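Student: Take a look and give me a structure for this.
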Amino acid sequence: MIGLYEIGHSNNLVAIISENVFLYQRLGIEKYRLSLEGILKTQELDVLYAKCCVNEHIKLNKLIGDTVNNPMLEKISVKKLTSAEEELVNIGILNATTLEQQNNLILHQTQKHATRYELALKGMNDGIWDWDILTNEVYYSLQWKNMLGFADHELENNLQTWQKLMHPDDAEKTTTIVNSFLAKQAPYLYHVTRFLHKNGTYRTIVCRGYMELDEGGTPVRMVGSHTDVTEFALMEQKLQQQKELFELAVTASNEGIWDWNLEKEKIYFSPRWKSMLGYNEDELSNTLETWESLIFQDDYKAALKLIEELKSGMRESFETTQKFKHKLGHIVFVRSKAIKVCDKKGKVIRLVGSHSDISDFVNSQNQLLVSEERYRSIIENMDLGMLHVDNNDVIVGVFNKFSELTGYTKSELLGKKASNLLVSQEDVVSTNEIIKDRLKKQSSVYERLLRCKDGTKKWVLISGTPEIDKDGNVIGSIGIHLDITERKNTEMALVKAKLLAEENSKSREKLLAKVSHEMRTPMQAFMGFINYLDSKNLSSDIKAFSGEIKLAIESLNSLVNDLLDMNTIHQGRLKLIPRPIKMHTAFDNLINYYTRLIPKNKNIILSYIVAWFPNISIDPFRVQQIAGNLLKAMP
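Tutor: Model (predicted):
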């Protein structure tokens with residue numbers, strides 16, 4: 001029961017007011033007051049606006065007195081009605097309320113709600129439609145038409161307008177959804193479709209609707225809204241395309257993706273991340289424990305350090321190589337990359353990264369190192385010193401044998417320019433030309449004097465080849481050095497010996513020329529004298545002695561010729577002078593000459609068979625030399 005108070009003025013009853021009278025005022029209902037006759041009348045009484053309501057713990061006269069400073073208040077009296085009086089008043093109020101007052105209240109509330117709803121629809125930018133199912137009449141709001149680019153008068157309010165503007169490909173599906181809704185198979189209508197815009201394009205529309213049923217549960221009305229979500233649909237389409245492109249890129253890159261939400265403490269591993277380790281997607285759970293169980297312990301500790309550095313802001317990203325356990329038991333080498341994602345305050349909320357399987361690369365690198373070590377050992381055992389320089393001729397790699405060859409340690413060589421440290425001054429220009437050729441991808445083999453640490457010089461045979469990277473660019477060169485100092489010394493000694501021999505040969509030629517001149521001149525005089533004697537009529541004994549002297553002179557002349565022939569043979573200029581001769585004559589002369597030369601204690605008989613020797617062309621002096629040499633060689 002609501003408490004009622006009797007309000008008097010100058011001892012006359014003016015009104016009876018309830019405790020929630022102000023609440024009635026806020027709802028637009030006029031103040032209720034009772035006259036002496038008990039008839040409901042409306043009068044203005046300003047003092048009633050003093051407070052929101054009458055608090056049952058505070059008397060009304062106190063509230064009024066504290067709020068309004070009015071001399072009239074001195075004559076106002078307040079008295080709480082008894083329960084019986086309150087019941088009579090309430091009955092009077094209910095019976096006295098007129099229909100007009102009730103309608104005014106309902107109308108006021110309806111207008112207020114309609115205004116509020118209209119403002120809300122304008123704020124939502126939605127178009128309203130209203131379909132009277134019984135009469136098939138349709139109402140489209142102005143916003144519904146404007147949404148599609150039409151003015152109010154350009155579209156008729158009928159069902160055909162809705163059907164005409166809908167995209168042909170969406171008509172069948174939309175009809176099915178509406179029929180399902182009418183059959184009460186769904187609590188409300190919700191459907192995304194496309195409607196034709198006045199400019200010829202199609203807009204993506206979200207259609208919502210609710211249904212009104214009659215007392216028998218039959219649909220009689222459907223009311224709903226259209227929301228243009230074309231921009232959102234395009235954005236969603238672009239996002240979907242970007243997502244597809246990203247997924248294609250990730251698939252093409254063959255990388256596994258991981259995403260760690262630090263706030264929600266959730267982690268995600270892509271299917272490729274798992275298959276990289278030999279697992280199906282459902283075989284590994286998306287938990288931090290999964291990662292901890294698969295990564296090697298030493299890499300786990302290093303990864304935690306990198307993650308902490310990301311969280312603390314010490315780094316923006318990281319890239320490192322890690323080892324993971326494959327399902328089959330072998331090691332998978334992974335290149336792990338990660339970046340951090342921060343909120344507006346700079347707090348790290350996510351870590352996102354990728355895994356690339358580089359096992360083949362790492363294994364090939366290991367094999368390359370093994371192969372390099374093997375060839376290094378071979379080269380070292382072959383006493384070959386290897387030197388590695390970059391394009392600026394700066395030493396970047398040294399083999400032990402090269403250090404032994406030059407006397408420099410590796411630390412003394414690395415970082416130094418090779419041509420400045422090791423090449424003799426006279427070879428700098430030619431060495432620079434070789435470096436230019438190397439940049440043109442040309443290999444070469446050449447000899448150089450190498451300056452050693454102790455100041456000595458060594459001859460080396462250098463086989464140089466350019467070092468080319470995977471893109472075909474020259475990044476340096478590698479030279480293999482063979483110590484040929486001993487060979488070069490031998491060659492130089494031989495050159496000196498050759499020069500000496502040539503000098504000796506020239507001296508010998510001079511000597512022979514002098515001997516030939518000094519000996520042949522008197523022999524020619526003797527030969528002239530003998531020829532003179534032969535022309536005289538001398539005794540047989542004198543002629544015999546003359547013949548022997550002639551043969552001796554010819555023999556001496558032959559000896560001189562032999563000396564000259566030896567020099568000729570040495571120079572490769574020996575020539576034969578053949579002439580026609582009867583062989584028996586030549587051999588008669590040989591036998592006569594050499595018979596005298598044979599010692600008497602040797603039983604040697606010289607003879608020949610003429611039938612064996614036809615008349616031919618020979619060099620008689622060479623034949624005589626050969627015969628003489630044969631006789632000299634006999635024991």
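
Student: Residue 210: helix or strand, and which one exactly?
Tutor: Secondary-structure assignment from DSSP states H and E places residue 210 in strand 202-213.

Student: List the neighbouring strands of that strand plus their orientation.
Tutor: For strand 202-213, sheet partners with direction are given as strand 189-196 (antiparallel), strand 219-228 (antiparallel), following DSSP bridges.

Student: how about those strands, which one is nearest residue 623?
Tutor: Of all the strands paired with strand 202-213, strand 189-196 sits nearest to residue 623, with 124.0 Å by CB to CB. All C-beta atoms are positioned from the backbone trio N, CA, C, and that covers glycine.

Student: and the closest one, how far from the chain's centre?
Tutor: When C-alpha coordinates are averaged (CA atoms, centre = their mean, to the nearest Å), strand 189-196 and its chain have centres 46 Å apart.

Student: could the strands paired with strand 202-213 go into JSON lines alongside mean neighbour count and distance to residue 239?
Tutor: Below are those laid out as JSON lines (neighbours: other CB atoms under 10 Å; distance: least, CB to CB, whole Å):
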{"stretch": "strand 189-196", "mean neighbour count": "17", "distance to residue 239": "16"}
{"stretch": "strand 219-228", "mean neighbour count": "18", "distance to residue 239": "19"}
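
Student: need the ones you listed in TSV with mean pLDDT and distance to residue 140, can you?
Tutor: Formatted as TSV, the entries for those read as follows, by pLDDT from 0 to 100; distance: least, CB to CB, whole Å:
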stretch	mean pLDDT	distance to residue 140
strand 189-196	91	11
strand 219-228	89	9
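
Student: and of the ones you listed, who's closest to residue 328?
Tutor: Comparison of the strands paired with strand 202-213 against residue 328 by CB to CB identifies strand 189-196 as nearest, at 48.3 Å.

Student: can you give me how far the strand holding residue 210 is from the chain middle?
Tutor: 51 Å.

Student: residues making contact with that strand?
Tutor: Contacting residues not belonging to strand 202-213 are listed as 129, 147-148, 167, 174, 181-182, 188-197, 219-230, 232-233 [CB atoms under 8 Å, 6 or more residues apart in numbering].

Student: how about the strands paired with strand 202-213, which one is nearest residue 259?
Tutor: strand 189-196 (29.7 Å).

Student: that older thread, specify the stretch among the strands paired with strand 202-213 that is closest to residue 345.
Tutor: Residue 345 lies closest to strand 219-228 among the strands paired with strand 202-213, at 34.5 Å (CB to CB).

Student: Put the alpha carbons of that closest one into CSV.
Tutor: As requested, C-alpha coordinates have been extracted for strand 219-228 and formatted as CSV (Å, rounded to 0.1, in the frame of the first residue of the first chain):
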residue,chain,number,x,y,z
PRO,A,219,2.2,-15.8,-39.7
VAL,A,220,0.4,-12.6,-40.5
ARG,A,221,3.2,-10.0,-40.7
MET,A,222,6.9,-9.9,-41.2
VAL,A,223,9.0,-6.9,-40.3
GLY,A,224,12.8,-6.5,-40.8
SER,A,225,15.7,-4.4,-41.8
HIS,A,226,18.4,-4.2,-44.5
THR,A,227,22.0,-3.3,-43.6
ASP,A,228,24.4,-2.4,-46.3
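
Student: Need the contact partners of that strand.
Tutor: The set of residues that contact strand 219-228 without belonging to it, under CB under 8 Å, 6+ apart, is 121, 124-134, 144, 147, 181-182, 184, 189, 195, 203-214.

Student: Next: stretch 470-478.
Tutor: By CB under 8 Å, 6+ apart, the residues outside stretch 470-478 that reach it are 386-391, 396-397, 435, 438-439, 441, 464-469.

Student: now, which of those residues lie within strands?
Tutor: Within the contacts of stretch 470-478, membership in strands is found for 386-390, 396-397, 464-468, as judged by DSSP state E.

Student: where along the stretch 151-300 of the chain do the helices fall?
Tutor: With helices called from DSSP state H, counting those that start in this stretch, the stretch 151-300 of the chain shows them at 159-165, 168-182, 230-253, 271-275, 288-294, 297-312.
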